[in-house]
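> my questions concern the predicted model and sequence given below.
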Amino acid sequence: MNAAGFPILSLITWLPLLGGIIIMCVRGDEATVASNARWTALWTSLIVLVLSLVLWARFDTGEPGFQFVESVTWLPDFHVGYRMGVDGISVLFVLLSTLLTPICVLASWDAIRVRVREYMLAFLVLETMMVGMFCALDFVVFYMFFEGVLIPMFLIIGVWGGPRRVYAALKFFLYTLTGSVLMLLALLAMWFRAGTTDMTVLLHTSFPPAMQDWLFFAFFASFAVKVPMWPVHTWLPDAHVEAPTAGSVILAGVLLKMGGYGFLRFSVPMLPQGSADFAPFMFALSVVAVIYTSAVALAQEDMKKLIAYSSVAHMGVVTIGIFTFNVQGISGAMFQMLSHGIVSAALFLVVGVIYDRLHTREITRYGGLVHRMPVYAVVFLVFTMASVGLPGTSGFVGEILVIIGSFRVSFWLSLLGGTGMILGAAYALWLYRRVIYGRLTRDDLKAMLDLSPREIAVFAPLVLLTFWMGFYPESFTSFWDASVGAMVEHHQAALAAPMHLAGLAR
Amino acid sequence: MNWSLALPEIVLSCCAMAILVFGVVVREDSTFVCTMLGLGAFLLTAMLILAAPFGTGYGGLFVVDPFADFMKLLILAGGAMAVVMSLDYNRHERLTRFEFPVLIVLSTVGMMVMASAANLMSLYLGLELQSLCIYVLAAFARDEQRSAEAGLKYFVLGALASGLLLYGISLVYGFAGTMDFARITRALTDPVTVSPGLVVGIVFIVTGLAFKISAAPFHMWTPDVYEGAPTPVTSFMSTAPKVAAMALLLRTMVAPFGHLLAQWQQLIVLVSILSMLWGSLAAIGQSSIKRLMAYSSIGHMGYALIGLAAGTAVGIRGVLIYMVTYVFMSAGTFAVIIAMRRRGRACEQINDLSGLGRTDPAMALAMVIFMFSMAGIPPMSGFFGKLYVFLAAVQAGMWTLAVIGVLTSVIGAYYYLRIIKVMYFDTGGEAFDPRPASLSVIAAGTGLFTTLFFVLPGPVLNAAQAAAQALFG
């Protein structure tokens, strides 16, 4: 069986769905249904969180391979199975998903008043899809979860979103679907070639170099949209602006990581030659993303849009790190993804707090909030600093590791990638100045209340994690050190093999 | 002579006659009883099919193999669902005539013959029996101009297609010297010696059959007929006859003309690409949901044909899986469409669905499932259909076809999402009349099949595998 003694990954994956079924069965008038739905969703997601902490505690950090593996035959004769398992790269993403879901439920407690039952149901289904995607060890299973995420997210944006929600939801869905279907073709090609979709086998199958380039392109189509990389990032600002707060949190916190995870899980280890061929291209796009979207963020008047563009810039740093193919770069990318998952999620929650009170996200409508909302100002400051990458917060560790990693590739790459930190400081601090400082002039701002206990409960774990990651990063990096080390070794060995052969032939 | 091979067909046609006599004798309001009898006949036939032995009979005219059985069961399922859906609709539209179930049963007999045809003659007879019944069914609301127009249009164009098919058959007969599939196969073992006349004959046969499955560019009749015909008939046309015509196409291409793959492959690829493109592009501008379904079915046939274009057993298996998922999600969608009724009047506009997510969450949920499934989003069953046909295309190295296929499926996703948008994102819109139980049962059953297909896909996949293997002998 596995280290936990019971199929813990399947339990974490499917338990939210059970909560969803319970929510669907609730009967009564609208207020009862809403209240029951909220509590069921909260309890379900908390139980899932506790279960995932068991996973965290039992995880063997010295083991580079997959742990807690489960395997059941699924599609007969075609070597497709329901296989689950986590390694150092995926395990913390599972925790990120299970942590953010209860936070989202709490954050939507009062903000969502219509169709609460359906809303909570959508979030629980979303949790199942996210966790399943990070745990899947079979390509077909992975693909099902990867695309299945679109269904609840589409509905969340479209039903509970802002005024332009229809446009945003359709754009989100069609952009991601276009990428995904091309990945489907890559999946089929690899399936045909390797005779199975077991990812542990695929990781050790070598594909011919010409095929690798095509496969890489297909994966790129899917993951680049998801990350999102410039120039296919345009769906993200729209989706973020129109999505309800909790939707933005999951979108920024987990969904964007699916792209980075995909690069790390498929592109780099399975297609070493293809990744190496495309690395300069990826660097170019990432650098453009870092510099251009940071500049765009400076010009934004909508807070959510600003944070959305900053997400694109931060994820640009992640893609630089992944394609350096050295331990520092990939480790930095992992750290940056986790840090961004917490910090950008928290920033959307921060915006959500004042949006709930004033129902606008226009930066110019605010100012001087520090006078009335001191606790809020402190929380906002912590996450702004983390987003800027101040030492002592989680944002610093990831960026510095990526810069070190990219320095080993090229001086110019690390210089251009590093400008993101400077521009990031510019837009983040300027946003903070405009919203929090200044004179408190408007009457409606004077009447605003500081954080409620529920909101403090939402932010407390995120603040804690931000500092924990900043002060003691090793407690996180130790999870993936073994896996990333093995991946880099495998990558270099795979690249060296053809050269070695060429040398012999000569 | 091994006449018992055709026992299911014989029993079903006898049942049809008996129901007809019963309806004529009882006269008054026998429709409900006749419908139930029709359903019973379907059930009995399905059991006979499962029990019947395999083999070839009637001097090679008629073959029973796993492929035929697979298709027949699917046809019966489609027919039975259409009969159930007609119950409520016909009462509302004052179409309660006992001929309705009788015609559906007779047309089903034709389709079963099509699935078992092993000779160009029995192929044609089955096809005509099926078509003639559907011409009448399409015009069944005879006091309504639209329906009469649909029937006439279908008849005229259908007759043209039959003519083309017959012309193709005569060419093949002329150049191959036989109509028997097995003998044609033997005559064509060496593709080099095949005369161009025979290839022309194949082109005509493909054209005739492409018309029947409404694949582009022979799809022109589909939107008008779908819109004009009574909705249960539309639902019937979009499921069972498509399966039967697809069965014919698969068997004809693979069995007698299997050695001429190089000759007909281009043709199928072209038809497939055109259908996918036209099915997804033309549907975008539609406002009537029945017309939308017509274009959607054109697109679906395009996807299914990818499997045939690959020309391998894997491809045929893909087509079969695709047809299974398609029949159920299509029938379910039509159950929802028939349930769209306000103050006794049928609604057919997409905008009529507005606000359904609030007024009838269960019905909206069912429709969402069908729409996501048609768009091919996992974990719905429609995804698996696409997965297996694309797998076949990739295995055969047909990358252009596969890439066009996945990209048109994204375009197609747009209009399916539009329906979801109308139901959930738009507000307003009155509630529909209470759903009749018959439609709820169909929508719930097909909805469960579509959603839970991924849990236990084994039986269907294995059956499709066996059926595809049977075709390749």
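Everything's here; your move. Residues are numbered from 1 along each chain as shown, chains lettered A, B, ... in the order given.

> so who does A:S483 touch?
A:64-65, A:87-89 (C-beta atoms under 8 Å, 6 or more residues apart in numbering or on different chains). Where you see a C-beta, it was placed from the backbone N, CA and C, and this is true even at glycine.

> and if we set it to 6 Å?
A:64, A:87-89 (C-beta atoms under 6 Å, 6 or more residues apart in numbering or on different chains).

> where's it, which helix or strand?
For A:S483, the host element (DSSP states H and E) is helix A:474-505.

> would you mind listing the buried residues in that helix?
Judged by neighbour count (16 or more other C-beta atoms under 10 Å in any protein chain shown), helix A:474-505 contains these buried residues: A:476-477, A:479-484, A:486-488, A:490-491, A:494.

> before we move on, back to that, mind checking which of the contacts of A:S483 are in helices?
A:88-89 (DSSP state H).

> strands of chain B, start to end?
B:55-57, B:62-64, B:341-342, B:345-346 (DSSP state E).

> nearest to chain A, of the ones you listed?
Judged by C-beta to the nearest C-beta, the one of those that comes nearest to chain A is strand B:341-342, at 22.8 Å.

> now do the helix holding A:S483: distance to the chain's middle.
Centroid separation between helix A:474-505 and its chain, computed with C-alpha atoms, centre = their mean, to the nearest Å, is 25 Å.

> re earlier: most neighbours per residue, which of the strands of chain B?
Most buried of the strands of chain B by mean neighbour count (mean count of other C-beta atoms under 10 Å in any protein chain shown) is strand B:62-64; its value is a mean of 24.

> find the closest residue to chain B in the stretch 401-506 of chain A.
Relative to chain B, the nearest point of the stretch 401-506 of chain A is A:A494 (23.8 Å; C-beta to the nearest C-beta).

> who's in contact with that residue?
Counting by C-beta under 6 Å, 6+ apart, A:A494 makes contact with A:P272.

> count the neighbours of A:A377 for me.
By the criterion of other C-beta atoms under 10 Å in any protein chain shown, A:A377 has 18 neighbours.

> again with A:P453
Per other C-beta under 10 Å, the neighbour tally for A:P453 reads 7.

> need the per-residue pLDDT for it.
At A:P453, the model reports a pLDDT of 87.

> relative to A:I112, how far out is it?
As judged by C-beta to C-beta, to the nearest Å, A:P453 and A:I112 stand 19 Å apart.

> got it, and B:G208?
Noted for B:G208: a distance of 56 Å to A:I112, by C-beta to C-beta.

> same check, this time on B:R94
According to C-beta to C-beta, B:R94 and A:I112 sit 47 Å apart.

> of all the residues in the stretch 201-350 of chain B, which one is nearest chain A?
For the stretch 201-350 of chain B, C-beta to the nearest C-beta, closest residue to chain A: B:V314, 9.5 Å.

> excluding chain neighbours, what is closest to that residue?
The spatial neighbour of B:V314 that comes closest, neighbours along the chain excluded (C-beta to C-beta, 6 or more residues apart in numbering or on different chains), is B:A392 at 4.6 Å.

> surely the one you found touches B:A309?
No: between B:A392 and B:A309 there is no contact under C-beta atoms under 6 Å: 8.4 Å.

> what about A:D450, how many neighbours?
A:D450: 14 surrounding residues under other C-beta under 10 Å.

> which non-adjacent residue is nearest it?
Residue nearest to A:D450 in three dimensions, not counting chain neighbours: A:M373, with 4.5 Å by C-beta to C-beta, 6+ apart.
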